[in-house]
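Novice: What would the 3D arrangement of this be:
(chains A and B)
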2 protein chains.
Amino acid sequence: MSIIQCVPNFSEGRDESVVKEIVESINAVEGVKVLDYSLDADHNRSVVTLVGSKESILDGAFEGAKKASELIDMTKHSGEHPRMGATDVIPFIPIKDVTMEECVEIAQKLGAKISDELNIPVFLYENAASASHRKNLAKVRKGEYEGLEEKMKEDKWKADFGPDTPNKKSGATAVGARMPLIAFNVNLNTNDLSIAKKIAKNVRLGGGGLHSVKAMGVELKERDIVQVSMNMVNYKKTPLYRVTELIKAEAKRWGVSVIGTEVIGLVPQEALIDSLEYYMGIEDFEKNQILENRLYQD
Amino acid sequence: MSIIQCVPNFSEGRDESVVKEIVESINAVEGVKVLDYSLDADHNRSVVTLVGSKESILDGAFEGAKKASELIDMTKHSGEHPRMGATDVIPFIPIKDVTMEECVEIAQKLGAKISDELNIPVFLYENAASASHRKNLAKVRKGEYEGLEEKMKEDKWKADFGPDTPNKKSGATAVGARMPLIAFNVNLNTNDLSIAKKIAKNVRLGGGGLHSVKAMGVELKERDIVQVSMNMVNYKKTPLYRVTELIKAEAKRWGVSVIGTEVIGLVPQEALIDSLEYYMGIEDFEKNQILENRLYQD
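Specialist: Presented below is the predicted three-dimensional model:
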């Protein structure tokens, strides 16, 4: 069975009853499951994580956006986090038996449906972007809800779908497709932050390092050590083992060692198994040899 | 959700329609799924792999045994593989969120049910055995169907459940609980079989090696190399990484190297992730951080 993850962000982070109603409307869609949701009062924003198949995920995301358009009024919204709509952003993320291209198609179809049925303009971003200047979400959202009407008058910021002006109550929504992001940290047996910072610089792309790695050095004061803290933005291109081994090699230059690693939050099974295949040199391994994967196949 | 694997062996390996009826009767049980089945004509024996939860797996196994008691007549059975019953053996195997003790309990309950409802004597074996001389399946089955009546007259071979004599049509059934078995091979960059044999001897328990490892040296003629071919009978006690690293160390003595490994057939996810945790030094990893595992939780 295919698995797509979807992480819509809604502009309500204070009234949990509103977020619960949105979550319930998503969970009511067959084949879709909300794994998690969280509210941030300062940001006045909530993040919902749902999963579903290629067939069901679009409906799950749409029901959430529809409910948010009913319950959230952007004319009354304030919060610290940049936002331009009641449903601010909807990324689709390929997890299992699905391609990025299929996620882009789903983003396009959802964009058309949101504009048709809810009369909300939709901007496509990241891998679904219709032009290179629209890939970066921060640029798409710049000016926020309050500046949207002016911004949309420019040719280069017309919506991909829907009306030429924002929906007064709901603003606009960014819909996109991207790879899963893995939060991955590597711990060093030193408390010298400058070493973690130097290694972080050397392993990220801009410092002459690896593609798809965002890295910085941070202190873990309670353990009196430092770590290279990373976001791995494309585990297929740059797997976990590669950055781990590169950090081990870089650490030698400073006379320090890697003493452990951390995977924070959710991670696709494939990202782990691929790295195990490297370390153990496993030949011709098929993911459906994993017993659990067979259990839930169609 | 808990997952228990069950691999009943039936004494029919030639008439596929019989095996299909058995498989269908198992699949009709809610919460149970047959992953695979195969027939061997020489052995005149079939192997069915099903999975289910703690709540459902007993019923799945029982329905298979019941159907086999209707369709298979042991008075007419012959084949190369040792056997004592129409349903010859039923092992329960803990895979996820279930203990060995719970699998033993299920084996006991199933034994009672098979004897009560089908009037077939049941012997408990392996981790479910009621005495140490009954642990080994080969010993329980020695004498086979034809010798069963005589054997069961001895005090030490009374059935754990059911009548004191075999069921004429169905014989007797062995029901047990055991760890999953992982078929795991390590390839060497030499065609010298004696080296693979020496390493196999050194890594298995009897040769001064590791617990829970059965190993032998074999030739891969088409690749002109040799391998250490293993059954890992308890991956929790002796994980895959440990035997891999030990073989690397042993291989050095003969001036050869490990060039790859193979995992054959099904493997529990946990056996792979545990080894990855070793290689990458992952701290405090929880299995429910794997996105796919969250998807199918209750």
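Novice: tell me the domain boundaries of chain A?
Specialist: The record's domain parsing of chain A by automatic domain parsing lists A:3-177, A:182-291.
Novice: Compute the first-to-last residue distance for the shortest one.
Specialist: With Cα to Cα, to the nearest Å as the measure, the first residue of domain A:182-291 is 24 Å from its last.
Novice: Which residues are in contact with residue A:144?
Specialist: Contact analysis of residue A:144 by Cβ atoms under 8 Å, 6 or more residues apart in numbering or on different chains lists A:82, A:83, A:84. Using the backbone N, CA and C atoms, a C-beta is placed for each residue, glycine as well.
Novice: most neighbours, which of these?
Specialist: residue A:84 (26 neighbours; other Cβ atoms under 10 Å in any protein chain shown).
Novice: what ranges do the helices span in chain A?
Specialist: A:16-27, A:57-71, A:100-118, A:137-141, A:144-151, A:193-203, A:240-253, A:269-280, A:291-295 (DSSP state H).
Novice: quick one on the thing from earlier: for chain B, tell me which of the contacts of residue A:144 show up nearby.
Specialist: Among these, no residue is within reach of chain B (Cβ under 8 Å from any Cβ of the partner chain).
Novice: ok, those residues vs residue B:156, which is closest?
Specialist: Residue B:156 lies nearest to residue A:83 out of the contacts of residue A:144, by Cβ to Cβ, at 76.2 Å.
Novice: Test my guess that that closest one contacts residue A:143.
Specialist: No - the criterion here is Cβ atoms under 8 Å, and residue A:83 misses it with residue A:143 at 11.2 Å.
Novice: and the residue of the stretch 51-200 of chain A found nearest chain B, what are its bridge partners?
Specialist: Nearest residue of the stretch 51-200 of chain A to chain B, counting by Cβ to the nearest Cβ: residue A:51, 5.3 Å away. Beta bridges link residue A:51 to residue A:5, residue A:33, judged by DSSP bridges.
Novice: And the pLDDT at residue A:36?
Specialist: For residue A:36, the model assigns a pLDDT of 90.
Novice: Same question for residue A:213.
Specialist: Taking residue A:213 on its own, its pLDDT is 96.
Novice: one step back: can you put the contacts of residue A:144 in TSV and add pLDDT?
Specialist: Output for those, formatted as TSV (pLDDT from 0 to 100):
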residue	pLDDT
A:82	93
A:83	96
A:84	97
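Novice: for the residues you listed, which one is nearest residue B:256?
Specialist: Nearest to residue B:256 among the contacts of residue A:144, with distances taken as Cβ to Cβ, is residue A:82, at 59.3 Å.
Novice: Just give me the neighbour total for residue A:75.
Specialist: 9.
Novice: List the contacts of the residue in the stretch 101-250 of chain A that chain B sits nearest to.
Specialist: Distance from chain B to each residue of the stretch 101-250 of chain A (Cβ to the nearest Cβ) is smallest for residue A:244, at 5.6 Å. By Cβ under 8 Å, 6+ apart, the residues touching residue A:244 are A:186, A:258, A:261, A:275, B:280.
Novice: Chain B contacts on the stretch 51-200 of chain A?
Specialist: Counting by Cβ under 8 Å from any Cβ, the stretch 51-200 of chain A sits next to chain B at A:51, A:95, A:96, A:180, A:187.
Novice: got a winner among those for most neighbours?
Specialist: So for those (other Cβ under 10 Å), the most neighbours sit at residue A:51, 25 neighbours.
Novice: correct me, but that one touches residue A:33?
Specialist: Yes - using Cβ under 8 Å, residue A:51 is in contact with residue A:33, at 5.7 Å.
Novice: Residues that sit against both of these two, list them.
Specialist: In contact with both residue A:51 and residue A:33: residue B:295, using Cβ under 8 Å, 6+ apart.
Novice: what's the spacing between residue A:22 and residue A:62?
Specialist: 12 Å (Cβ to Cβ, to the nearest Å).
Novice: Which one of those two is surrounded by more residues?
Specialist: residue A:22 (27 against 21).
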